[in-house]
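Colleague: sequence and predicted structure, then a few things I'm wondering about:
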2 protein chains.
Amino acid sequence: MPDPTTRTRLPADLAIVNCTALLGVGAERATFAPGATIEINGGRFTRIDPHPDGLPHAKQVIDARGMVAMPGLINTHTHAAMTFLRGAAEDVALAHWFNDYIWPMEVNFAERDVYLGTLVAIAEMIECGVTTFADHYFHMDQAAQAVLESGIRANLGAAFFSSQGPDGLTQSLSFAERWKNAADGRITTSVAPHAPYTVSDADLTAAAEGARRLGVRVHLHAAEDIVQTNASLRDRGRTPIQVLAETGVLDAGAIIAHGNGILADDIALLSQHRGRVGVTHGPKGYLKFAFGPLTPIAALRAAGVPVGYCTDGPASNNTLDILEAMRVTAITQKQVTDDPTWFRTGMALEIAGPGSAAVLGMSGEIGVLRLGARADLILVDVSGFHCQPLHNLAAALVYSVQPGDVRTTIVEGQLLMHDRQLLTINRDALLDEFRHRAREITDRTHGRTIQDYTQ
Amino acid sequence: MPDPTTRTRLPADLAIVNCTALLGVGAERATFAPGATIEINGGRFTRIDPHPDGLPHAKQVIDARGMVAMPGLINTHTHAAMTFLRGAAEDVALAHWFNDYIWPMEVNFAERDVYLGTLVAIAEMIECGVTTFADHYFHMDQAAQAVLESGIRANLGAAFFSSQGPDGLTQSLSFAERWKNAADGRITTSVAPHAPYTVSDADLTAAAEGARRLGVRVHLHAAEDIVQTNASLRDRGRTPIQVLAETGVLDAGAIIAHGNGILADDIALLSQHRGRVGVTHGPKGYLKFAFGPLTPIAALRAAGVPVGYCTDGPASNNTLDILEAMRVTAITQKQVTDDPTWFRTGMALEIAGPGSAAVLGMSGEIGVLRLGARADLILVDVSGFHCQPLHNLAAALVYSVQPGDVRTTIVEGQLLMHDRQLLTINRDALLDEFRHRAREITDRTHGRTIQDYTQ
């Protein structure tokens, strides 16, 4: 006889049964509930039951036996459409990379290219379990269109340089206003000055004021490496983070990429605004560029400043794989602090979930399996040889799992990938058009560039 | 009308057509031949044709359109059966890891466990494109049995401590003699003292003499990190590498794991024996343990000393993924040399192939697609979103490819995995027995250990 309590309530949109649910993360450890049932309704988690009794009451049921259900991964800083430039400039120093490859090539980007390149990035991210990304690029209406169609969640910012004149700032503000909370809240926005070394203090101040008025954050590059910080100190007598404080950017709220050049005194400033700023960290690209010291994550966390994972753009990082960003962050942070007992697997997962959500100002909304939170969830198969045996499930997620182990990706309750099949993107048609266009986009014979990189 | 020249010769065992073959690697660049045909006969490459004309003449033909054919990957140092201890000791310092977790747990290993644990490791390696591994462990007849059955290639060494008395050395020598060139040469051997800090100079000298007599190398740990080197200098007035020189180990030939503590003066000693010594490098574990300075690969290569990739054991490295070892080596070496233009993609691939082969004393036999070499080959699918577009195929292999992109693994001309299906290992039966036994093997209530770790 059916349970009378379930018989009378409406069925959920989706139920996931028999999963091992990642329910809690902390600096010391992660906690899992084997055999859990998760129900999703109206795009939110409506039931998370570690000890389910009886069958779920849902329109669709996924049996996730042998899989971990965990919050969808969050990529807190990328330039998605740069998939077009993946591998186009390898083994070169940063200034050479910008001035002689990337910025001349970006002259060639038409609006349609940003749509295509972003959609390829989204496909890759869905395949490796990323459910939210923060994007910082040009022609962002096209990126927003790709987000709309694909069903992924994104925070989008229209990048600008002061060299563009007043139009850059104006467009960034109007984009942030136009798309704010679009797609039933799946799209959030930022105001996106490029960096303190390419945007004037006046424009930073105006960006901060605009962001405060719109209730969004400023997403920008700052103190990317120690060279930038030293150049700022030499030329202006203050660090990039001090510039952000003085221009009101920290007070408005900021997503700061990448912060490897953050100094001890900067951390006190960031800490004063810790409820509305965060630092985004993607070490693979930093190491490729030989950036020197890495982001002082231990000190930032000690000061209460959120840190999240990112991949940066695929032209430098090659992939959009947040599992890899988590793993490389964990091993390099143990090394730079000279402490193998620090950055435990629980902390690695905590930064992937609540930490990265906080960087985007979305604490409690994403990055957690919690009643009422947005139903962004992935199912990860840990039955492969490379994960077995499961003495330590958190360690398997941090150190063993491969992107291909992500079997199912759900955003706002919608299946975007199930059993490795993309459900909202036409793989073959997209790749055909993308590959065709990629052959033209690296042309540099025009001799133009979108900006100069000087320190 | 068929080509008369192919009509009259006997068919090859296997042909691979339409592949993009990785034909050459060097410090500056890698060269690929699109549309190539590769033929294998009697376990060797018998035809490598960048411009094939007509159909191949073979008993079996694999169409590898969209795939890269490259030499099978080489894991130059592991402890395969430690798959049983994957994740069993995370976030702890090295001495604690050895003394309180690993060595007490290893007391529990029965002979059958080494067979099971090694076979699980082999399955994982086949799945991620590893075709040769150098193993350093106990109960090695069992490991050899797993190698025999699975069809993989291995260099096997029976580890010993001097604390075992004379039996350890004797068994290591007799194992090396008994299995040398077994399985038609698929199995090679080493003499395997654990390390200069756990094996006496007299035993090292005897190991070197034995290795010289058998025509094999000594495979051991030495100068694993700077702490070990400094302890050796403090206690004995010489570095671990100097001990290897004085005991004749370098002269006999040596596979040296892990060498992060190699000093400048050591490199001159190693260079004197560069034709018969090599250093094996697996940075993931070193970073996890916060080892401090990483292996001086630039200086070793400048001195002509071969360097290869390894994963070390899965209890510290978690995975046996050489693609990951290559990637993490590339990004960390750029960082430690402060030179993003060094360790180019060509060099990363050169170390994966000829470099790692040289560490095992197998130059020209494995690690290359060359006529007459052993037919160890993998097919890697580069059509996924995360590899596209292919502006730089070498960069895709070094920085984008995932283990799951390895579709086919061939050793000595035999298919061990095809289209992701393992062909020589019964996955379900193996994992069932392995998981059951894994629940017992971490017991430490007996209070015993196999060795003490002190510096």
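Modeller: Happy to help now that I have it. Residues are numbered from 1 along each chain as shown, chains lettered A, B, ... in the order given.
Colleague: only C-alpha atoms, please: export stretch A:216-232 in PDB.
Modeller: Provided in PDB are the C-alpha atoms of stretch A:216-232 (Å, rounded to 0.1, in the frame of the first residue of the first chain):
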ATOM      1  CA  VAL A 216      26.200  43.600  -8.900                       C
ATOM      2  CA  ARG A 217      30.000  43.100  -8.400                       C
ATOM      3  CA  VAL A 218      33.000  44.400 -10.300                       C
ATOM      4  CA  HIS A 219      34.800  41.500 -12.000                       C
ATOM      5  CA  LEU A 220      38.400  42.400 -13.000                       C
ATOM      6  CA  HIS A 221      42.000  41.300 -13.100                       C
ATOM      7  CA  ALA A 222      44.200  42.800 -10.400                       C
ATOM      8  CA  ALA A 223      47.600  41.900  -8.900                       C
ATOM      9  CA  GLU A 224      47.700  39.000 -11.300                       C
ATOM     10  CA  ASP A 225      51.400  38.400 -10.500                       C
ATOM     11  CA  ILE A 226      54.100  40.000  -8.400                       C
ATOM     12  CA  VAL A 227      55.500  41.800 -11.500                       C
ATOM     13  CA  GLN A 228      52.200  43.700 -11.900                       C
ATOM     14  CA  THR A 229      52.200  44.600  -8.200                       C
ATOM     15  CA  ASN A 230      55.800  45.800  -8.300                       C
ATOM     16  CA  ALA A 231      55.100  47.800 -11.400                       C
ATOM     17  CA  SER A 232      52.200  49.500  -9.800                       C
END
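Colleague: mind listing what's buried in that stretch?
Modeller: For stretch A:216-232, a neighbour-count test (16 or more other C-beta atoms under 10 Å in any protein chain shown) marks A:216-225, A:228-229, A:231-232 as buried. Using the backbone N, CA and C atoms, a C-beta is placed for each residue, glycine as well.
Colleague: farthest pair within those residues?
Modeller: Using C-beta to C-beta, the pair of those lying farthest apart is A:Val216 and A:Ala231, separated by 28.9 Å.
Colleague: near chain B, which residues of the stretch 51-200 of chain A?
Modeller: A:83-88, A:90-94, A:120, A:123-124, A:127-128 (C-beta under 8 Å from any C-beta of the partner chain).
Colleague: make it 7 Å
Modeller: Contacts of the stretch 51-200 of chain A with chain B, taken as C-beta under 7 Å from any C-beta of the partner chain, map to A:86-88, A:90-93, A:120, A:123-124, A:127.
Colleague: and those, which are buried?
Modeller: Buried, going by 16+ other C-beta under 10 Å: A:86-88, A:90-92, A:120, A:123-124, A:127, out of these.
Colleague: farthest-separated two in those?
Modeller: Counting by C-beta to C-beta, the most remote pair of these is A:Val92 and A:Glu127, 28.2 Å apart.
Colleague: where does the stretch 1-150 of chain A dip in pLDDT?
Modeller: A:1-8 (pLDDT under 70).
Colleague: which ones are touching the closest residue to chain B within it?
Modeller: Closest residue of the stretch 1-150 of chain A to chain B, C-beta to the nearest C-beta: A:Gly87 (3.5 Å). A:Gly87 is in contact with A:318, B:391-392, B:395-396, counting by C-beta atoms under 7 Å, 6 or more residues apart in numbering or on different chains.
Colleague: repeat that for 10 Å
Modeller: A:314-315, A:318, A:442, B:345, B:387-396, B:398-400 (C-beta atoms under 10 Å, 6 or more residues apart in numbering or on different chains).
Colleague: report the separation between it and A:Asp432.
Modeller: 19 Å (C-beta to C-beta, to the nearest Å).
Colleague: thought A:Leu22 was touching A:Val68?
Modeller: Yes - when contacts are counted by C-beta atoms under 10 Å, A:Leu22 is listed as touching A:Val68 (6.1 Å).
Colleague: joint contacts of those two?
Modeller: Shared contacts of A:Leu22 and A:Val68, counting by C-beta under 10 Å, 6+ apart, come down to A:32, A:378, A:380, A:393-394, A:397.
Colleague: could you dump those into a markdown table with neighbour count added?
Modeller: Formatted as a markdown table, the shared contacts of A:Leu22 and A:Val68 follow (neighbours: other C-beta atoms under 10 Å in any protein chain shown):
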| residue | neighbour count |
| --- | --- |
| A:Phe32 | 19 |
| A:Ile378 | 26 |
| A:Val380 | 25 |
| A:Leu393 | 19 |
| A:Ala394 | 23 |
| A:Leu397 | 25 |
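Colleague: give me the subset of these lying in strands.
Modeller: Secondary structure assignment by DSSP state E places A:32, A:378, A:380 of the shared contacts of A:Leu22 and A:Val68 in strands.
Colleague: the residue nearest the centre of chain A pairs with what?
Modeller: Note on chain A: the residue nearest the mean C-alpha position is A:Asn75, at 1.4 Å, using C-alpha atoms, centre = their mean. Applying DSSP bridges to A:Asn75 yields these beta-bridge partners: A:Phe133.
Colleague: with A:Thr408 instead?
Modeller: With DSSP bridges as the criterion, A:Thr408 is bridged to A:Leu379.
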